[in-house]
Each structure stands twice: as C-alpha cells, then as structure tokens.
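Engineer: Structure, please.
(one chain, ligands or ions: 2)
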Amino acid sequence: MNANPEAKQAEELMKSVFQHDSFRSELQKQATETVLKGQVDVFISMPTGAGKSLCYQLPSIARDGVSIVISPLIALIQDQVEHLDILHIPVETLNSKLTPKERQRVLQDLNSSKPRTKLLYITPEQAATPTFQALADTLQSRHLLSYLIVDEAHCVSQWGHDFRPDYLKLGRLRKKIPMVPCIALTATATPHVVDDIISSLKLRHPVAKFKSSCFRPNLFYDVKFMDIIEDPYLNLKEFALRALHVTAGENIKDVDWNEKGCGIIYCRKREACTEVASRLVSKGIPAKAYHAGLGLGVRSNVQSDWMEGRVPVIAATVSFGMGVDKANVRFVVHWNVPKSMAGYYQESGRAGRDGQQSYCRLYYTKQERDTIAFLIKKDCMRGRSKKNGKIEHNKSSMESFERLVKMVEEPQCRHSAIAKYFGDSPPNCDRSCDYCRNPIAVEQEWEQVQRGICANSNPKRHLGRTAIAAADNDEPDMELYGGGKKGAKLEWGTTDNDDDEGKAREREERELDREKKHRHSMIMSEFKKRRGSKDITGDIWEPPSDSCPLRDAASQRVARLTVKTREHCLQLLEDAFKANFRCHHCGDLDKMAAIDYEPRACAIDEEHAAFKTSKQSTLYKAAVMRKVNEIKNLTNSHRLHSALVPKFASLLTPASQLLKGNRQCQDECQGQSECQGQDECQSSGETNHQGENSGAVTPVEDSSGQECGRGLPNMGVSPVSDGVKTENGSTVPRLFYSSTLTDYGADKADISLVLLPRPPAPKIKYFFECDTSDADKVKDQSPGSDTKQDSVITSGTKRTFPDSGDSQPENSTKRRKLGENVASQEKLTTKAGDSGHRSTAQPDNSNRSRVVNSHDPRLNSGATKHTDAELKQAADFVIRYLMPHYKEGRFVSKDLFKSTARLLSHKLRAGGFPPGSLKQNAKNLVKKLFHVHKKVTSETEVKAILG
Ligand SMILES: Nc1ncnc2c1ncn2[C@@H]1O[C@H](COP(=O)(O)OP(=O)(O)OP(=O)(O)O)[C@@H](O)[C@H]1O
Ligand SMILES: [Zn+2]
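Structural biologist: Numbering: from 1, shown residues only. Ligands and ions are numbered 1, 2, ... in the order given. Predicted coordinates:
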C-alpha cells in the first residue's frame, strides 16, 4: 500500500531513533529520503542549523554496512560522536588522537564480518592514509560500504572560504569506490563552490541537489560603525541586553540564562576577547573569553559554562562555534570585521538555530577593514613565491571580503547582499535588517563615517579595496593545493581547531609587524625622495584646520615637518597610550570620565614635547617613535605609562595600606639601596624628587607612616600579592612598581605603577580642584581632624584614601608644607622650572606635573564634602557632553578643558536653570558654549557665557 517505503522508514527512524516529531522542512525530508534510496549522489546545501546531519545519519543507520563521514576537524567529529552516542547509534572515529588500543578496537570491529559501527568519522588526512585506504578496500570488497559522506564540502573548493587542500585528495578515494553513493553537505556554497564540489568529489551525474535559500528570516542583521559610536562597549552591552530580553527592572544576577538564551561575540584577536569579556563584566553582564591562548582546561570550562547557561556571553575567536550546537543563541556579534562574506554568514548563522528571533551585529571600522585587506593581500603575496599554484583561492578570499565590504560600504539590504553572494535571489527581508528597517538612517551613518575618513586621514594610508584590487591585477602565482589559506602551515586533522586558530593568529601578528615595517620603510623612502619641499606624506605644508588637536599647530619651527605628519604622529602616540591604558583598566574604563580623554591628552603632551625639543623633522619623528616604542614596551610588560598614572591617582590606595598588608614590600623598601630620596624627602617634606616629568610621585609611607618619597618606585618590587586587605576590610588590588626608573626606556623620569583592578573610584574628581575659596572653607575642618580619610591631590586630581594611620604631627606639617607647594601648582599654569624642587625642566610638561600630597588641607574630608553628590552628578553630565568637543580639539588645552568642566559643573549645581533634568541642562549649557565659540581659548570666554 505504501508507495514510498523510504518515506515510511525515514519517518519511523526519525521519531524512534532521533526523537524528532517531524522533519524540520520539506527539503530535509526529501533529501533524507533520496539519500535513503541510495540511487544517486546527493548535494545538500542548507543553512547552519537546518538539520543537514539527519539527512545522512538517518539513512546510514537504515542501511546495512558502514558509512564513512569526512569531517574537517577533530573537534567537530567529537561533537558528532557524542551526539550520536547519546542516541545509541554505533559510531566510531579514527584520528591521530586515539590511543593505539582504541584504534585497534575500532579497526577490529570494522574488519569483522558484521561490523557494529554504522558511521565512521574521519578527517580528510586520515582518509589519505594507507591504513584507511586498505580499510576502504576491504569494506568495499565485502559490500559493506553504505555511503561516502563529505561534510563541510565547501572545503574542497578553493573558492570556499575554508579551502582545505586535503579535501582534494577525496577525489581519489571516491574513484576507488565509484558505486558507493556520495553525499556532499555544506551550509555555504556559492555557485562556483557548488561546481567545484561536484567536479572535485567526482559526483555522478545526475546529482540530486537539495539547496535551500540561505535566507534566515529570524535573524536581524545590522551594522554599526565603531568610529561614530561614542561608547562602543556601552552600545554592545545595550545590544546584548536587548537581544537577551533583559529588561531594565531585572536583576541580572537572578536571570535564568537558559531561559533568556546566550550570545557570541567574535573577535579577531585574543586580547580583544579578553577585553570585551571584561568590559561586559564590568558593566554587569556575565561574560567569558575563549581563545586558543587559554589552555584546554580553561577553554573547556568556558565552553561548558556557556553551553549550560551559567555564563550567557562568550567573547571568542572564530575557532569557537564550529560544531557547537546551541539552539538559543540570541545574538552573534562580530566585534571586528570578518574576513569573508562566507565566514560572516556562517558565524552569524550560529544565532537562532531554534528559529526564534535573534540578532547579528557587525561592528565595522575602516581601520579593521584595511588590516584585513592587508592580510589577505599578504596571503596572496606569500603564495606568489610558491610554484605549481593556482590563484583561485586567493581570488575567492578577496572577492568574498570585497563583497562583505560592499555590503557595508554600499548600504543595502544585508540579507540580499548575502543571498546575492551565494547565488540566491533576493529574499523578502521584510525589515529583518537595519537597512530595510531604516535605509535613510543607515545611509546617513555611512556618510558620517565617510566624512570622518575624508577629514581625518590620509587617503594613501587606506589600503582597503585598493589593496585588494592591486593584488588581483598582479595575478600572483599561488600554491593552493599545498598551502592555501590554511593548508600550508596547519596540520588539519592532526591539530584541533584552536591550535589552528592560534597559529593563524600568530601568523597574522607577524604579518601586521611586517606591515608596519613595510609602511615605515615606504614612508622613509618617500621622505628621502621628497626631501626639500614635502613631508613624509608628500604634501606641502598646509595650515592646521580649526579642529586640529595639536599644540602650536601653526608653528613651522621644525623644518619640513607638516601638520599632517604631526597629526599622524599624534595618532600613533594616542593609539599606544590607549593600548597601554586599556591593558590595565579594561574592566572599569567606562567608569572613568577620563576614558577617552586621558590617552589623547597624554599623546598631545608627548607629541608637543617632541615637537618642541626637535630641530629637524627626522629627529622629531625619531623622538615620537622612541616614545611610541617605550609605551608599547610598557604595555607588553603590563605596566602603565607614568603619564597615565596620575589619571588613576584617585584609584590608588596609599602605599601604606599596601605596605601594611605586604611584608615583602616593606622589607624591600627598607632594604632598598636605591631609595636615595628617603632621607632627603623626610627632611624636606617634599616628595617630588623626580622633577616635572616624573609622572606620578606618590607619597610613600613605610609602616611607621614615614614618607619614603621616591622610595617605592625604586623598591624593585615586582608584582606583589594579588590583593591586600585594607583596614576597612576591602581588598586593595595588586601593585606593580618598576624596579628602576630607567628599565623601560629613554625617559629616565618615568615611574611605572600599575594597579589592577581598581577599587571603586569617584570618577569625576579628576576634574575638580577646589578653588581657593573652597579650600579656605574646608581648611578649618581638615587638619588634625580625626577623620578616617586622607585625601590626595594629583595635579588636578583629588582622591580619598583610607586613613594611612599616620599620626605624627611632624609629618603632617611636612605634608602641609608640601600641600602648599601643591597649591601653587594646582593652578596648572605653572611653567617648567618655576618650582624650586624640580630637578629637570623639560619644556611644556608642566601641566603634567604630578605631585601627590596626602595631607593637603584642602583635600581632606571637607573637600570631599564639597564635591558632593550633586556636583559629582552635574560633573558627570558636563564631562559627557564636553568630552566629544575636547576630542575634536575644540579646547586649546587640556587645562582649559578641565577648568571649563569645573566651571560648568559648579554653574549647574548652583541651579537657576529652567526646569528640566540636570542632564538636559548640562547638554544645553555645553551647546550654548559651542554655539558661541568654535574653539574655547580662554576661561574668560567660558565665564562670559555662563554669565
Ligand atoms: N527534524 C528535526 N526536528 C527537530 N530538530 C531537528 C530536526 N533535524 C535536526 N534537528 C536538530 O537541529 C539541530 C541542528 O541540526 P544539525 O546539526 O544537523 O544542523 P546542520 O544543518 O548540520 O548545522 P551545521 O551546518 O551548523 O552543522 C540539531 O540539534 C538537531 O538535533
Ligand atoms: Zn533587508
């Protein structure tokens, strides 16, 4: 009666063995039945999560004999084996990770007259071994081979994004067993890839093709431009919460993540994984990093935390996710630009496997685009030197990346762009992407980015698509079969996925280094050619724009040095400072009002210092490069640059607290011969032995409360314990001090002091020094008061400390004296050399003079009172709205920015504004200021506006 026995059998097995109620789609049903019939070779292309595995697993258990399944990664194979084990389906694998005993057991079964094994998973490398070839022969001769199944079949094509040279060898295997039905499966196949699969695997015609549209209507795609987002981490956090349906009223700690779902954030580099995860954690979202550098144990813990819903967000390199079958991934973020459209589709497709609404966001920057373009180009160039190669794979990498770039840079429906890439007709997106939802907004954002690019950068530095095109025209002679994108260096099938990723990453790092060197040598040769009239970029000196952030921007005192070059150098410094800054404070950066401002401010200072002290352009560049390298070295050795230290002064716990909690530290300090300043500082009461450029000079006390002046930085103490208990019971973070002042670069006055992580800090106090009247007001309250707080000011930075326990009046006096000294410097207008105690007088660093005084009377509890909650709140808003203007260079100096922030905040606190929120009033006030002035050049201007 049943016209289609395969259909019946398939349905029964689907229910009884696989425990599904029905086929997921008509396509899945038909494909499964066709495979089950076993009359033709089959090609199946369905999106991730569509249920491709069932199409071959079910027929494999239905037929007598063994099916050989080729899968690219051992990790993937293990997932499948585990899954089938649970379903009690006899499955085995042969790979390099098996013990000889296990291997023997598997082979024994397969060589038996009636093997128990139904599915045998192997890697393509394994398929090429003599052992396997012999096994295939014997199974074939005994008619025990059911199917040859090639999973992730796009790996066979050099047009695929994951080309695997060893997949090509499968053609030979196929030739050996021509009558065994071959099933090829993939989630991502362009028409070109489909052709390659069919021909390389020698599929018999007519091939039965089952290809569903790559359109996933439950995925909402959008693109965000990192450069125009004020706080990308905040943006990420908000996106994640929305995607996970966490409402404002919900306490994140109580959320059941198994119910809400989870998310993946893909990052290109390991550091980014760590940073993203810690940023999210600092914003209250449980997140963990996952990458090859973590070690197997950690990785597997992270993965199971995520899989089991203990941690909803994982920030991972692309090695994560292949074969991870989690249904309720509510979002996938690409924090960095993906390398190909195909990869992007595959990775983002890990969202919403359960068919529920999910979100895919791509954060895009032109800088990342250029880096990826460079890496792809390099891949091509490397292939050039190899013989017998073909260029298709590289062309495909370029094309795939170009298509991705095009999708973003020529705003269009994201789903359509993907569909077009895979040769599908445009789907009915129905507002399932940002473009279809609001095309005007998307176009405007892109225009905004473009304007930014045009205004701020030298087009010559943009490798982007130009770079790709150049490589394309060059037609490099690539070796693909022996060493395509991943094939040459990575032993696929013998390593696990993460190792591959790790190696690939190292290669990328090396490439980036080479890129930098290459750029540098190009710049230098250009410079040589143009010496005389033009600068390194080949441009004639042009006056600075209004928004130029450089100090003395219009000065032409250094011959052949242009504004553009200076801006470029400033950028290099800023990037280096940012990396240094982030390296230590990634967890809590967002809490700092100074987040964006400080690295830039330091960069402006350093650039200007180089400018002022150099007579020639080459010397200037050398000075900048020295500084950049110095900062990078510090970053690499996990130390914070001294220029940034004062920015965190409010976070520093008095050394006394640390010393109390750390005997080792005390001992070393006391026994430290280099602590020459100890006696001197005790008698003079001054701590700033380092001079103006010393960066932070923290008053250091030994256990008896005596100041040790510069002693601590010289203590030679390396990382001390991971947290020291303070008197109030809280844990003070780890502290690093550089052993000598000179151990990390040319600037002898640097002191590196790093604190990780930080105790909660009042963020806005950086910008507040009390004016004299305030100081007077509080003076009466502070000295001798039995307050449990010491306050420290650091050149415009005020902070409160737990009591150091110092009760010696002599020391208090000394410190007060120092406080007066500080007070005179607090104006921040002091010129280098003004202060007698400065040992060096390098120009123009006066505003970075860092003097820390724990007993400045102005800074005691009264002062703290002065910076009351209301003022702090006002200041928070002021800084928020002022910061973008500062970043655009609309203040002539950092000091003016600070004083403006202070004035505005006091004004706000004083009230007298039309009804409205504090936030709105702050916004209006800032607006008003810049409505009148394009650039703020003096405090008087600000006061005039404030009335
Ligand atoms: N008919 C079905 N009904 C319910 N669930 C199904 C059905 N078919 C497959 N699934 C489930 O869907 C999930 C995805 O299936 P599968 O792993 O086969 O997808 P895939 O297409 O191979 O994805 P990928 O390309 O990521 O490997 C699995 O958890 C599987 O158990
Ligand atoms: Zn759309």
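Engineer: Pretty sure residue 884 sits against residue 231.
Structural biologist: No: using CB atoms under 8 Å, residue 884 is not in contact with residue 231; the gap is 11.0 Å. C-beta: built from backbone N, CA, C; applies to glycine.
Engineer: State the helix or strand in which the nearest residue to residue 294 once chain neighbours are set aside lies.
Structural biologist: With sequence-adjacent residues excluded and distances taken as CB to CB, 6 or more residues apart in numbering, residue 294 is closest to residue 302, at 7.1 Å. Using DSSP states H and E, residue 302 sits in helix 296-307.
Engineer: what about the stretch 401-550 of the chain, any weak spots by pLDDT?
Structural biologist: Confidence mapping of the stretch 401-550 of the chain against pLDDT under 70 gives the ranges 453-541.
Engineer: how deep is the residue nearest to residue 294 tucked in, by neighbour count?
Structural biologist: 21 (other CB atoms under 10 Å).
Engineer: before we move on, what about residue 618?
Structural biologist: Other residues near residue 618 number 17, with proximity taken as other CB under 10 Å.
Engineer: Just the mean pLDDT for the next helix-or-strand element following the helix holding residue 302, thanks.
Structural biologist: Reading on from helix 296-307 to the C-terminus, the next helix or strand found by DSSP H and E is strand 313-316. The predicted model gives strand 313-316 an average pLDDT of 96.
Engineer: Adjacent strands (with direction) for strand 313-316?
Structural biologist: Strand 313-316 has the following strand partners under DSSP bridges: strand 262-266 (parallel), strand 287-290 (parallel).
Engineer: so where does residue 223 fall, helix or strand?
Structural biologist: Under the criterion of DSSP H and E, residue 223 resides in strand 219-225.
Engineer: Go ahead and name everything in contact with that strand.
Structural biologist: When contacts are taken as CB atoms under 8 Å, 6 or more residues apart in numbering, the neighbours of strand 219-225 outside the stretch itself are 232, 235, 348-349, 351-352, 357-365, 407-408, 414-415, 418, 432-434, 442, 445-446, 448-449.
Engineer: For the helix holding residue 302, buried residues please.
Structural biologist: Under the neighbour-count criterion of 16 or more other CB atoms under 10 Å, helix 296-307 has 299, 301, 302, 303, 305, 306 buried.
Engineer: got these as JSON lines, with distance to ligand 2 and pLDDT columns?
Structural biologist: Shown next, in JSON lines, are the buried residues of helix 296-307 (distance: CB to the ion, whole Å; pLDDT from 0 to 100):
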{"residue": "299", "distance to ligand 2": "36", "pLDDT": "88"}
{"residue": "301", "distance to ligand 2": "39", "pLDDT": "91"}
{"residue": "302", "distance to ligand 2": "34", "pLDDT": "93"}
{"residue": "303", "distance to ligand 2": "33", "pLDDT": "90"}
{"residue": "305", "distance to ligand 2": "34", "pLDDT": "93"}
{"residue": "306", "distance to ligand 2": "29", "pLDDT": "94"}
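Engineer: Let's see the pLDDT reported for residue 385.
Structural biologist: At residue 385, the pLDDT value in this model is 44.
Engineer: where does residue 925 land in three-state SS?
Structural biologist: Taking DSSP: H, G, I helix; E, B strand; the rest coil as the rule, one finds residue 925 in the helix state.
Engineer: OK, contacts around the closest residue to it other than its chain neighbours?
Structural biologist: With sequence-adjacent residues excluded and distances taken as CB to CB, 6+ apart, residue 925 is closest to residue 904, at 5.5 Å. By CB under 8 Å, 6+ apart, the residues touching residue 904 are 874, 878, 882, 922, 925, 926, 929, 942, 946.
Engineer: go on, residue 169?
Structural biologist: Contacts for residue 169 were tallied using CB under 8 Å, 6+ apart; they are 124, 127, 128.
Engineer: Verify the stated contact: the first one with residue 167.
Structural biologist: Yes: with contact defined as CB under 8 Å, residue 124 reaches residue 167; the gap is 5.1 Å.
Engineer: is it true that residue 250 lies in a strand?
Structural biologist: No: residue state for residue 250 (three-state DSSP) corresponds to coil; a strand is not indicated.
Engineer: I figured the residue nearest to residue 294 was touching residue 288, is that so?
Structural biologist: Yes: counting by CB under 8 Å, residue 302 touches residue 288, with 4.7 Å between them.
Engineer: shared neighbours, those two?
Structural biologist: Looking at what touches both residue 302 and residue 288 (by CB under 8 Å, 6+ apart), the common residues are 311, 314.
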